[in-house]
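Peer 1: Generate a structure from the sequence data that follows.
(2 chains)
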2 protein chains.
Amino acid sequence: MAHTEVFRTELTPLTFLERSAAVFREKAAVIYGDRSYTYPELQRRVYRLASALARAGVRKGDRVAVLCPNIPPMLEAHYGVPLAGAVLVSINTRLSTDEIAYILNHSGSKVLLVDTELAGLVEPARGQLQTVERFVNIVDLPGGSRLDGPDYEAFLADGSEDPIAIRVEDEYETISINYTSGTTGRPKGVMYHHRGAYLNAIGECMTSGITSTSIYLWTLPMFHCNGWCCTWGVTAVGAAHLCLRKVDPGEIWRLIREQGVTHLNGAPTVLIGLANDPAAKGVKLERPLTITTAAAPPSPSIIAQIEGLGARIVHVYGLTETYGPHTVCEWQTQWDEVEPVERAQIKARQGVGFVIADPVRVVDEQMQDVPADGETMGEVCMRGNNVMKGYYEQPEATAEAFRGGWFHSGDLGVMHADGYIELRDRAKDIIISGGENISTIEVERCIYQHPDVLEVAVIAIPDEKWGEVPKAFVTLKAGTSPTERELIDFCRERMAHFKCPKAIEFGELPKTSTGKVQKFILRDKAWGSKGKRIN
Amino acid sequence: MAHTEVFRTELTPLTFLERSAAVFREKAAVIYGDRSYTYPELQRRVYRLASALARAGVRKGDRVAVLCPNIPPMLEAHYGVPLAGAVLVSINTRLSTDEIAYILNHSGSKVLLVDTELAGLVEPARGQLQTVERFVNIVDLPGGSRLDGPDYEAFLADGSEDPIAIRVEDEYETISINYTSGTTGRPKGVMYHHRGAYLNAIGECMTSGITSTSIYLWTLPMFHCNGWCCTWGVTAVGAAHLCLRKVDPGEIWRLIREQGVTHLNGAPTVLIGLANDPAAKGVKLERPLTITTAAAPPSPSIIAQIEGLGARIVHVYGLTETYGPHTVCEWQTQWDEVEPVERAQIKARQGVGFVIADPVRVVDEQMQDVPADGETMGEVCMRGNNVMKGYYEQPEATAEAFRGGWFHSGDLGVMHADGYIELRDRAKDIIISGGENISTIEVERCIYQHPDVLEVAVIAIPDEKWGEVPKAFVTLKAGTSPTERELIDFCRERMAHFKCPKAIEFGELPKTSTGKVQKFILRDKAWGSKGKRIN
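Peer 2: Residues are numbered from 1 along each chain as shown, chains lettered A, B, ... in the order given. You can find the predicted model right below:
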């Protein structure tokens, strides 16, 4: 039987909202401050947005950009834009004017939905924007500035609540383009298709255990891999989206307590903030809380600290190119009895591919699997339904990333004997000292064990004798003051001496909006014009 | 970008075993009596089966049949046969020799794997089998008889444990053919594709909440819609398959207690058996137990009874043509506070389409949706990724079932105002009395409320004045003896009089292997040659 004769529904996350609006008619779908919407109300707002975009001239395949924190209009854009047949370009809210202008032009976005607090970032670049025909102002906070165009609510009021049928003709159509925050070079536009978004959204729910009774707190930016596809996954199961404009540990603890939050996602830096906030003292969770973490590899000590508060940590790993998380440190019952410290070490590994993903590989330069010995480093490679379509209008970068038929993550890791991967470093972060590889993550983990250390980042610095040696940048906990010497000695008692930092600098760490430490800034300071290789 | 350039992995449940064998290396995957296998062991047995089938001449697209209770080889066939590129034909173990021969011939099966206890059903038909080239004898119990061919374990021993790559070139390839137990006419072979099996398997896990720590007890026959795709779904999440040769309520309670069963699926008749078994008295569940039920609509009283024992009931509905369950009575938190009797009535509804399914419709004869008033009856229709490819080599029956672009279930139901469907009857079961429709399910539910009633089935019998009137067949609980008059009066106090049974007969009810009451047998008795319409 030919395909056309078989019942086929294109896989698209747009069906999730259709179903939840039909099924969950009374419960809160979106909660923000004192306001809340049901799923039918969310759907009506989405219909309004999609029809208003169509009236504004948005056609199938056009790009619509959004620059907005984790507030309801940002979630609505994840449905309204693709329902209008367009492609969503969610822009990182921490970027500079120049970067935002580049993304708007490169994506050819026709419309920009922008929060008034962020409009000031766009205003100076207005003269450079080549394709944006219309601004829509999202007014959430008082103050801020407006660009020339309607307010979001007025724009919606001009739209229609009449139902709009899903018009995805092929599940490989692009649903979104997410520009990587690329620490070097221009950002690249990672294209997601509907099929991958659908499958990864379900994968997130299965992995974190999100169900219809869950309350999902939006600590992870929705602009980051479309919120690891949870913008769609939380809707799929009919859970509640609890929006949060700004990550603030005290506020997060309040919401956990008062709203019964069951799930939140975030980088380890969010976990560190939560664990060290005064509100964490004596906390007693009334509902089970699952925190799914990724981005920078979390240290075993922060895992143990958070689990000590009663939350369950799910550790996942992925990249923008894999729709967010692609692997999970799948928990095994035989580890339940293991001592907390060792448990945390087991859980700090990046693990295995999602159920909906292909198996992840760690390969050498000839694309051969490295031995599963937990020691031999190789590059982590992925493929499958939740690997991007490619970089938007960058065929050469796409071909380079996909060489050998696999997506090359640029992350270095090992394969353990039990089939779990563990990251050792970004390819560009690895330290080569006297010919030996030193994993900055391994050095960081060692330093994290010191009780005074809040955060640490290790990079290579130039060394006349060894080529490169490790240097640590450390943020201390309030009220502590260990010396550089004390910390280095602490490491020398625990690690091969060649791996120990030769210098330590104390202070705040520079970070991206998603909580990744910006090692390139630290490296720039250390290397100046010496040109540390970047691959 | 053309599809061929995008990373695409065909959706197939075969990937579930690959992943779980790689990830869950130590825990029990398959438990049967005193034996248990890990996922890697299951995978090796599957490689042996697939390679042995290939050596026996099985080629891509060939059909391989299996006639076997819920023991490990039956589960292995669900992976080994498609891994060999072949199509699995699981035959209902309660069929007659003639029916089995028909299915083997119609499907053109080349190999039959058959349990020695069931071989006696095949033996008399050997001369009629046109395509079977080889029998493989599954020896589980002592006694029974062997057909000419190797024992299953010897067959596997001749195979190889070398890994076999999945060779699904197109996710729409057929993975299995399930012959409907059709109460009239010849059985029809319902074709499942890999994509639908993959999605419905995940849908089952999401719906019942099956996770990696679950223990799934095989009370539902694996031959029935491939065990509602749980043969694949339980593996997807890495849960344990607890095999069970024969459904016996006392044994089920023992396994729940001793093995920590968390999930089981079954028709209401299984629930009735469980609730009324002496072992149910004073039962205390140590782990949460979810019982997912479907097939015949469960009465609110049996739902309340089972939930009174501490188990959670998930009520689903579907047909062989929809890969098993397609809808679920999705629970809403606002119902948590409702009184138990009303809760059970809410839960007795068939509900809404799965997350992975398209929305279900109730339509009139012009394919228009009936009003969502909970009263107007129409036919339940489905379509989407988990609706069959069609009936094997029956294009006319397929076209008839798919008329108007939807699959016609043959079930009559209503659409409630909240978007939940509720079955009223099989189209062929509805009673038309003096021009009024009477739902046999409604009459059955009324009778179920009588404390002495264990099971009931209602059919139409001929009546000179009204055309048809209801008659009830009742199985009483042990030690009770209400009269026909008492039961009829009980109904007349609770229901419009024209709906009340005009006659009641006491005794056992004839049932199919999946627990459906065979009303056609009751009807044949009542109607004889009068020719009650069958549609």
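
Peer 1: Could you pull out the helices in the stretch 101-250 of chain A for me?
Peer 2: A:119-122, A:152-158, A:194-208, A:225-228, A:230-237, A:249-259 (DSSP state H, counting those that start in this stretch).

Peer 1: Run through the neighbouring helices and strands of the last one.
Peer 2: Yep, that's helix A:249-259 we're talking about. strand A:215-217, helix A:268-276 (3 or more CB pairs under 8 Å, 6 or more residues apart in numbering or on different chains; DSSP states H and E). Heads up, the C-betas are built off the backbone N, CA and C, glycines and all.

Peer 1: Throw the helices of the stretch 101-250 of chain A into JSON lines and include mean neighbour count and mean pLDDT, thanks.
Peer 2: Formatted as JSON lines, the helices of the stretch 101-250 of chain A follow (neighbours: other CB atoms under 10 Å in any protein chain shown; pLDDT from 0 to 100):
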{"stretch": "helix A:119-122", "mean neighbour count": "19", "mean pLDDT": "96"}
{"stretch": "helix A:152-158", "mean neighbour count": "17", "mean pLDDT": "98"}
{"stretch": "helix A:194-208", "mean neighbour count": "27", "mean pLDDT": "98"}
{"stretch": "helix A:225-228", "mean neighbour count": "28", "mean pLDDT": "97"}
{"stretch": "helix A:230-237", "mean neighbour count": "28", "mean pLDDT": "98"}
{"stretch": "helix A:249-259", "mean neighbour count": "16", "mean pLDDT": "96"}
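
Peer 1: Stretch A:37-47 near chain B anywhere?
Peer 2: No. If you take CB under 8 Å from any CB of the partner chain as the test, stretch A:37-47 misses chain B, and the best it gets is 10.4 Å.

Peer 1: What residues of that stretch count as buried?
Peer 2: Buried positions in stretch A:37-47, judged by neighbour count with 16 or more other CB atoms under 10 Å in any protein chain shown: A:37-39, A:42-47.

Peer 1: quick one: which two of those residues are the most distant?
Peer 2: A:Thr38 and A:Tyr47 (14.2 Å; CB to CB).

Peer 1: Run me through the strand neighbours of the lowest-mean-pLDDT helix or strand in chain A, direction for each.
Peer 2: Least confident helix or strand, chain A: strand A:436-438 with a mean of 77, by mean pLDDT, DSSP states H and E. Within its sheet, strand A:436-438 is paired with strand A:431-433 (antiparallel), according to DSSP bridges.

Peer 1: where does chain A dip in pLDDT?
Peer 2: A:1-5, A:181-185, A:295-297, A:513-514, A:528-535 (pLDDT under 70).

Peer 1: Please repeat the previous calculation with a cut-off of 80.
Peer 2: Low-confidence segments of chain A (pLDDT under 80): A:1-5, A:181-186, A:295-299, A:425-430, A:432, A:434-437, A:467, A:495, A:512-516, A:525-535.

Peer 1: tell me, what residue is most central in it?
Peer 2: A:His224 (4.5 Å; CA atoms, centre = their mean).

Peer 1: For B:Glu375, see how far away that one is.
Peer 2: 49 Å (CB to CB, to the nearest Å).

Peer 1: Any residues of the stretch 1-150 of chain A in contact with chain B? List them.
Peer 2: So the stretch 1-150 of chain A meets chain B at A:1, A:3, A:5-9, A:11, A:15-16, A:18-19, A:22-27 (CB under 8 Å from any CB).

Peer 1: Which among those count as buried?
Peer 2: Buried, going by 16+ other CB under 10 Å: A:6-9, A:11, A:15-16, A:18-19, A:22-25, A:27, out of the residues of the stretch 1-150 of chain A next to chain B.

Peer 1: quick one: the longest helix that chain A contains to helix A:230-237, angle?
Peer 2: Using DSSP state H to define each element, chain A has its longest helix at helix A:39-55. Angle between the axes of helix A:39-55 and helix A:230-237 is 130 degrees (criterion: axes from the mean of the first three to the mean of the last three CA atoms, to 10 degrees).

Peer 1: Show the subsequent helix or strand relative to helix A:39-55.
Peer 2: Next helix or strand after helix A:39-55 toward the C-terminus (DSSP states H and E): strand A:63-67.

Peer 1: Hmm, A:Arg167 and A:His194 touching each other?
Peer 2: No. In this structure A:His194 lies outside contact range of A:Arg167 using CB atoms under 8 Å: 11.2 Å.

Peer 1: on that earlier part again, okay, and which of the residues of the stretch 1-150 of chain A next to chain B map to strands?
Peer 2: In strands, judged by DSSP state E, none of those are found.

Peer 1: Around the residue in the stretch 51-200 of chain A positioned nearest to chain B, how many other residues sit close by?
Peer 2: Chain B sits closest to A:Tyr172 of the stretch 51-200 of chain A, with a gap of 5.7 Å, by CB to the nearest CB. When counting by other CB atoms under 10 Å in any protein chain shown, one arrives at 20 neighbours for A:Tyr172.

Peer 1: for A:Pro124, same thing?
Peer 2: A:Pro124 has 12 nearby residues by other CB under 10 Å.
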